[in-house]
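S.K.: any chance you could fold what I've pasted below:
(chains A and B)
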Amino acid sequence: MTQKSALHIGCGAGFSGDRWDAAVPVVRTLRATGGPAVLMFETLAERTLALAQLQRRANPDSGWEPSLDRFVAPVLRDCVEAGIPIVGNFGAANPQGAARHLQQVAQRLGLQPLRIAVIGGDDLLAALPAGQLDALLPASLRGRSLVSANAYLGAAEIAQALRAGAQVVVTGRVADPALALGPILAHFDWSLDDWDRLACGTMAGHLLECGAQVTGGYFADPGVKDVPDVANAGFPIVEMHGDGSFVVTKADGTGGCVDRRTVTEQLLYEIHDPAAYLTPDVVADISQAELSEDGPDRIRVTGVRGAPRPPTLKATVCHEGGWLAEGEISYAGPNAAARARLAADIVRERLRAQGHGQLPLRADLIGVTSVFADDAGRWWDSHTAPASDDVRLRIAAASDERSIADLVAREVLALYTCGPAGGGGVRTHITPRLSSESCFVPREWLQPQWSFAA
Amino acid sequence: MSTVLLHTLAHARTGDKGNRSSISLVAFDAKHWPLLVEHVTEDRVAQLFAYRKPTAVRRYLLPKLHAMNFVLDDVLDGGVNGSLNLDSHGKSLSGLLLSLTIPTETTP
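M.R.: All right, here's what the predicted structure looks like:
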């Protein structure tokens, strides 16, 4: 048997808000390798899918990644010409809608109609009889009006679609690393119980899925961790080999860096027990993983092991979460922090007097303490703030009722004339909230499937 | 006995899943790894985050990477969609971990 050549997997986005131009140098680099390659886009955060469901309710043609065009159009012609498939979870709540839109993008660019595969079956609300999900939900969610419930699917259907010749694969909720593992499986034909290799492909996907986080983005700390040309950090590319070893690198001619430090940080990112990282495809073990330098901006990863995949799939369930009220006001000059603290006390007392003493209410002093503190105010009470003569008070509160959220915002606004001396620059904001919880569902409840879009 | 800020010996990154925070800590230099193992313990980290009332603090060691991973349960005020924090992911918490001071006999 001849040895299969390495597969290059590039990443064009690590989240929905990522840079639109990131994929261009990635695709240029993939083309220059002359070998088999694939481009992935990861655009679904924990609650993005719930927001997409709400959009789809309002307009049945929407509900897919709103930046799809901006992400894909700059590289679509190059990918089609070079035979580089694109795999993305930009289907969100409406993969068929995303496929239709992609076809329009291709037409606009003067390309032949694309073979677009759509992966379905992740939607638990569609797959289950009403009530069946309830039993698995945390008590706090039972009986609540759910916006979305989606299981994280694995790599198998992505691989099948690519083997059948898909030029683009659009998914809804899949495990992020599966966006890389799918193409890897399609290329190397690894068996679905080759646990060690599946774990290698999964960890390659894990390193790619957050875009520039492995190439020097989210890393720079001036004087301690300097990153060259971080404003133009190149997005990552993995060179996967048939034995499961792989090299992490980045797009040619870009800024950023790939070194032991960036790869170690990303390897551990959002991993709990490093010996048991649970995914739909495999349980990965990175406790014995090793990194070695393989040239400039090239880190080789070895020593990843795998164990049989878990019997359940993780699902994220979202429901409407009421309203978030936020209000801010600035105090500056002598005694600024004390005036800001008094302003917070005034708002609390006013709300208590109007019968809302139990409302979850948070106060921050931006410029003194604004993120380390906890919602309950234990940090606020126990830490002495450093002196500051330019602080911004932020009040945040949550309520199921819009009228109460509005009241909190009004109490902050009223500080303009009723609060401590010298307050200025009030801004208030009311935002609808979504709450999410995770649970585990038996695999048998879901029937993942793929098909070519009409 | 002199002390040094953990920030000068190691780098860190925070991730979140629901109401659980995970913070990796990586030694810049392999020679400081034993110092981190000795002084950045579950107990000290639990103490540092006590005001957030973690229900569990676990440390996982990765000696081949000179890294460790802390997992803190129930410290994110409900997590990204529930917390009233400006940083509802708790991503800034790596900065809190790096503000620990470490006793050292030698300068790094």
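S.K.: so where's chain B shaky on pLDDT?
M.R.: Scanning chain B for pLDDT under 70 picks out B:106-108.
S.K.: which phi and psi values does A:Gln83 adopt?
M.R.: Heads up, residue A:83 is Gly, not Gln. phi 70, psi 40 (degrees, to the nearest 10).
S.K.: up against chain B, what does the stretch 1-150 of chain A have?
M.R.: A:Glu46, A:Arg47 (CB under 8 Å from any CB of the partner chain). Heads up, the C-betas are built off the backbone N, CA and C, glycines and all.
S.K.: which residue ranges of the stretch 1-150 of chain A form strands?
M.R.: With DSSP state E, counting those that start in this stretch as the criterion, the stretch 1-150 of chain A has strands at A:7-13, A:37-41, A:86-88, A:116-120, A:146-151.
S.K.: dump those to JSON lines, plus mean neighbour count and mean pLDDT.
M.R.: Output for the strands of the stretch 1-150 of chain A, formatted as JSON lines (neighbours: other CB atoms under 10 Å in any protein chain shown; pLDDT from 0 to 100):
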{"stretch": "strand A:7-13", "mean neighbour count": "28", "mean pLDDT": "98"}
{"stretch": "strand A:37-41", "mean neighbour count": "28", "mean pLDDT": "98"}
{"stretch": "strand A:86-88", "mean neighbour count": "28", "mean pLDDT": "98"}
{"stretch": "strand A:116-120", "mean neighbour count": "25", "mean pLDDT": "97"}
{"stretch": "strand A:146-151", "mean neighbour count": "25", "mean pLDDT": "92"}
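S.K.: give the contact list for the most centrally placed residue in chain B.
M.R.: Centroid-nearest residue in chain B, with CA atoms, centre = their mean: B:Leu97, separated by 4.1 Å. For B:Leu97, the contacting residues are B:Leu6, B:Ala12, B:Ile23, B:Leu25, B:Val40, B:Val45, B:Leu48, B:Phe70, by CB atoms under 8 Å, 6 or more residues apart in numbering or on different chains.
S.K.: list phi and psi for the fifth one.
M.R.: Summarising the backbone geometry of B:Val40 under the convention degrees, to the nearest 10, its torsions are phi -100, psi 80.
S.K.: do the second one as well
M.R.: Listed backbone geometry of B:Ala12 is phi -150, psi 160, with angles given as degrees, to the nearest 10.
S.K.: quick check: closest non-adjacent residue to it.
M.R.: Excluding its sequence neighbours, the residue lying closest to B:Ala12 (CB to CB, 6 or more residues apart in numbering or on different chains) is B:Ser94, at 3.8 Å.
S.K.: can you give me the buried ones in the helix or strand hosting the one you found?
M.R.: Assigned by DSSP states H and E, B:Ser94 belongs to helix B:93-97. Of all the residues in helix B:93-97, those buried under the rule 16 or more other CB atoms under 10 Å in any protein chain shown are B:Leu93, B:Ser94, B:Leu96, B:Leu97.
S.K.: hmm, A:Met203 is touching A:Arg305, no?
M.R.: No - taking CB atoms under 8 Å as the definition, A:Met203 is not a contact partner of A:Arg305, at 10.0 Å.
S.K.: helices along the stretch 251-400 of chain A, start to end?
M.R.: Assigned by DSSP state H, counting those that start in this stretch, the stretch 251-400 of chain A shows helices spanning A:260-268, A:336-353, A:378-382.
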